[in-house]
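*Asks:* Quick one, what's the 3D model for this:
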Amino acid sequence: MNVNFNKRSTQVATIALILLLFACGVAILLGILFRYGNASPLPATDTLTSTSTSAPAFSETPTARPTFFPTSTPLPTFTIVVLPPGTIKKPTRTFTAVSVATRTKPPSGPTSTPTLTKTSTSTSNASSSNTPGGPTPTDTITPGGPTLTPSITNSPTLTSNAPTATSTASATSTSTDAPTPTNTTSAPVGSAVFAVGPGGADVIPHQIVRTANNFLYLFSSQDSSSLLRVYRTNNAGFPNSASDFAAPVTVNESSSIISVDAVYNGGTIIHALVNLRNGEIKDYPFDTSTNSFKPAITLATDGGSVSGSPYVGTSGISGMMEPGGTLHVGYWTSSNHILHRSYTYNSGTNTLTPAGGFTQVDTAGSANHPSLAISPANNSLTVAWISQAVSPPQILTRTRQSNGTWGSIETASTSPVWTSPSNGLNIDQGPSLIIDSSGTKHMAYIQEFDASVGDYGRIHYTSNNGSGWVDQPLAAFTHDPAVAINSSGQIYIIGHGHPLNATCTSMDDICTIRKSGASWNNPVLFASPSGGFSFDASPSVKWSVVGFNRADIIEFVFFMTPYESPTLYYGRFP
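*Replies:* Predicted coordinates:
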C-alpha cells in the first residue's frame, strides 16, 4: 500500500508540474502576442547622409513653404547630397517671355530642398567728356534720406570647424580701419548650398562680400520692394545653413530698389550702392564694426527707371573700390547714358568727396546695364555696357587708365546681343565682367534668338589680354551667365541649365561650366530644387580687387522662384 501510494503521488506531482509549465508557456506567449499587437510602428526619418566627406550631413522635416521668413523663427535646413554629374534629371521647360501687363504670380508650393552636385575640379574715336548729368559737383556729399534704425536679432551661435580668416586679396585699401585677420591658415572647404532668406540677386553687381576678418555679408533687394537687406554670418568661417546667419539688418527706402551692388573698402565699410525707381542713386555705407547702416548719401537723382512690376535683373548701378581707397561708381541714367564718377570716403563724417565731375562713358546713347571692373595689374578701370544704339545691339567697353585718361570705345561682342523690355530691361542679360591678376578681362553675355536652334541664350565668353576682344561662342545656353574666378586663375561660368545643353538640361537647375585651356567643359549640375520651384535665376559672384578674401573658394548667391517674392540662396565650391 505504501509503495503504490508513493508511486501515485509521484505521478500526480509530475503531471501537475507539466501542467504548470504549460500554463506558464501559454501566458508568456499570450503576453508577447498582446504586446506586439498593440505596439506603435517605429517613426520614419527623413535624414539623408551626405555621400561626400567634403560636406556635412543635414536633415529636413518637410513643412509647408513659408511666404516670409520671420526674424524670430529660424529658417528650415536643407538636405545636401553630393551626387555624380547627370544623376538628377528634371523635366525641361521652355522659357516664354511674359509682358508686364500679363504676368501672373506662380503658385506657392512646398519647401524646396536643393540637391548639391559637386563640380569638377571696331573701335570708335570717342573721347572723355564731362556732361551735366547728375548732381552739381561739390567738395563733399553729405548724408540724406530716411532715418535708419536697423537692429540685429540674436541667432543661434554657430559651432563651426571651418577655417578662420585668410586674406588673399591682390591689393588692399590704405584705410586705417582695416582689421587684422585672425590668422592666415586655410583648410579644405567643401561645397554647400542652402536658402538664407527673402531676397534676389543679379549678375552684374557683386552682392556677396567676405571681409578681412572672414565674416560673410550678403546684400539683397527683391522685385518691387523698397527693403534693402544685409545678411551676415554669426561667426568667422564658412556657413553651412541659414542658422549660421544673424537676422538681417534692413533699411526701408522711400522708393522701390531696382538693383544693389556691394563695394568693400578692405576694412570695416561696405558701400551698398542702390538705384531706385524714383531715379535716385544712393550709397548706404554699412559699418561692419557695428553691423549697421550709416545714413544714405545721395549721388544723383537722374537714374534710369522702369514701369510696372519688374523682376530682378534691370541692372542700373555698378561700383568698385580701387586700391588706395577711391570708390568708382557707374550708373544708368534716365536719358539712357552711362555716367562715371569717383569719390573718396570719410567714415568719420560719413561724406563722399568727388574727384571731379561726371564723365559720360558712352557716346551714342541707348546705353544700359553698366558693369565696372578694376584691373589688379595696373588699377585701370573698364566699363562694359549694352548698346542699343545700333541694330543688332552690342556689348561695348571703355577703359580708364589709372591716371584718369579714358581710351576709345571698343566692341566686345561679335554676335547679336539679346535684349528685351519684358518684365524689366534686359533682365536675362549681363554683361558679367571680371579681370584677373595678369590684367586679362573676362566677360560673358548671351546671344539673341537664333533661328537655327529655335531659342535665345547661347553663352558667349569674350576676353581681352591687351590685344583686343576675342568673342568665343560656347556650346551651352543659359540666361544671366556669371563669370567667376578663383585664386589659381581658374575660370568658371555659373548659370541655370537649358534644354539645348548636352548636360544640365533643366532651366530649374544651377550649373557650372569650367574653362579648360582654350575650350570649355560641358555644364555640370550644381544644385537642383524640388517642390515645383525653380533656380531660373541670375547668380552674383564674390569678386573684387580690394578685399577679395578666401579667393580659393568660389562663393555666390542666386535666388529661387517665385520671381515676385524670391528666396536668396548661398552657394560655394572649391
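*Asks:* pLDDT-wise, which helix or strand of the chain ranks last?
*Replies:* The helix or strand of the chain with the poorest confidence is strand 115-116; it has a mean of 48 (mean pLDDT, DSSP states H and E).
*Asks:* right, and the helix or strand after that one?
*Replies:* Going down the chain from strand 115-116, the next helix or strand is strand 192-198, by DSSP states H and E.
*Asks:* Starting from that next one, tell me which strands it pairs with and how they run.
*Replies:* Sheet pairing for strand 192-198, assigned by DSSP bridges, gives strand 567-573 (antiparallel).
*Asks:* Below-threshold pLDDT in the stretch 101-250 of the chain: ranges please.
*Replies:* 101-188 (pLDDT under 70).
*Asks:* And for the chain?
*Replies:* 1-17, 20, 23-188.
*Asks:* show me what contacts the closest residue to residue 426 other than its chain neighbours?
*Replies:* Nearest residue to residue 426 in three dimensions, chain neighbours excluded: residue 419, at 5.0 Å (C-beta to C-beta, 6 or more residues apart in numbering). Any C-beta I mention is one placed from the backbone N, CA and C, and that applies to glycine too. By C-beta atoms under 8 Å, 6 or more residues apart in numbering, residue 419 lies in contact with 386, 388, 393, 426, 429, 448.
*Asks:* try it again with 10 Å
*Replies:* Going by C-beta atoms under 10 Å, 6 or more residues apart in numbering, residue 419 touches 368-369, 386-388, 392-393, 425-426, 428-429, 448, 456.
*Asks:* taking the residues you listed one by one, which sit in strands?
*Replies:* Using DSSP state E, the subset of the contacts of residue 419 located in strands is 368-369, 386-387.
*Asks:* In a markdown table, list those along with distance to residue 317 and neighbour count.
*Replies:* What follows is the ones in strands among the contacts of residue 419, written out as a markdown table (distance: C-beta to C-beta, whole Å; neighbours: other C-beta atoms under 10 Å):
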| residue | distance to residue 317 | neighbour count |
| --- | --- | --- |
| 368 | 11 | 23 |
| 369 | 10 | 29 |
| 386 | 14 | 28 |
| 387 | 18 | 25 |
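*Asks:* Residue 463 reaches residue 439, doesn't it?
*Replies:* No. With contacts counted by C-beta atoms under 10 Å, residue 463 stays clear of residue 439, the gap being 11.2 Å.
*Asks:* more crowded one of these two?
*Replies:* Ranked by neighbour count (other C-beta atoms under 10 Å), residue 463 and residue 439 place residue 463 first, with 19 against 14.
*Asks:* Next one: that one from residue 526, what distance?
*Replies:* Separation of residue 463 from residue 526 (C-beta to C-beta, to the nearest Å): 23 Å.
*Asks:* ditto for residue 221
*Replies:* 24 Å.
*Asks:* more crowded one of the two?
*Replies:* More crowded of residue 221 and residue 526, by other C-beta under 10 Å: residue 526, with 29 against 26.
*Asks:* partners of the host helix or strand of that one, with directions?
*Replies:* Using DSSP H and E, residue 526 maps to strand 524-528. When sheet partners are counted by DSSP bridges, strand 524-528 sits next to strand 115-116 (antiparallel), strand 510-516 (antiparallel).
*Asks:* Compare those strands and give me the one nearest residue 270.
*Replies:* strand 510-516 (25.1 Å; C-beta to C-beta).
*Asks:* what residues does the helix or strand following that closest one touch?
*Replies:* Sequence order places strand 519-520 as the next helix or strand after strand 510-516, per DSSP H and E. Strand 519-520 is contacted from outside by 459, 461, 472, 474-476, 491-493, 513-514, using C-beta under 10 Å, 6+ apart.
*Asks:* mind listing which of the residues you listed are in strands?
*Replies:* Per DSSP E, these map to strands at 459, 461, 472, 474-476, 491-493, 513-514.
*Asks:* So which of these wins on neighbours?
*Replies:* That'd be residue 513 among the ones in strands among the contacts of strand 519-520, by other C-beta under 10 Å, with 27 neighbours.
*Asks:* I'd like the distance between that one and residue 228.
*Replies:* Relative to residue 228, residue 513 is positioned 32 Å away (C-beta to C-beta).
*Asks:* List the contacts of the residue nearest to residue 459 when sequence neighbours are not counted.
*Replies:* Counting by C-beta to C-beta, 6+ apart, residue 459 lies nearest to residue 474, which is 4.3 Å off, once chain neighbours are set aside. Taking C-beta under 10 Å, 6+ apart as the criterion, residue 474 is in contact with 444, 447, 458-461, 481, 493, 501, 513, 515, 519-520, 522-523.
*Asks:* Buried subset of those, written for PyMOL?
*Replies:* In PyMOL syntax, the buried subset of these is picked out as below (16 or more other C-beta atoms under 10 Å):
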select buried, resi 444+447+458+459+460+461+481+493+501+513+515+520+522+523
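*Asks:* Out of the strands paired with strand 524-528, the one nearest residue 199 is which?
*Replies:* Short answer: strand 510-516, nearest of the strands paired with strand 524-528 by C-beta to C-beta, at 16.0 Å.
*Asks:* Alpha carbons of the closest one, as PDB, please.
*Replies:* What follows is strand 510-516, C-alpha atoms only, in PDB (Å, rounded to 0.1, in the frame of the first residue of the first chain):
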ATOM      1  CA  ILE A 510      22.000  75.800 -61.300                       C
ATOM      2  CA  CYS A 511      25.000  74.600 -63.200                       C
ATOM      3  CA  THR A 512      28.700  75.400 -63.600                       C
ATOM      4  CA  ILE A 513      30.900  75.400 -66.700                       C
ATOM      5  CA  ARG A 514      34.700  75.100 -66.300                       C
ATOM      6  CA  LYS A 515      37.200  76.600 -68.700                       C
ATOM      7  CA  SER A 516      39.700  74.000 -69.700                       C
END
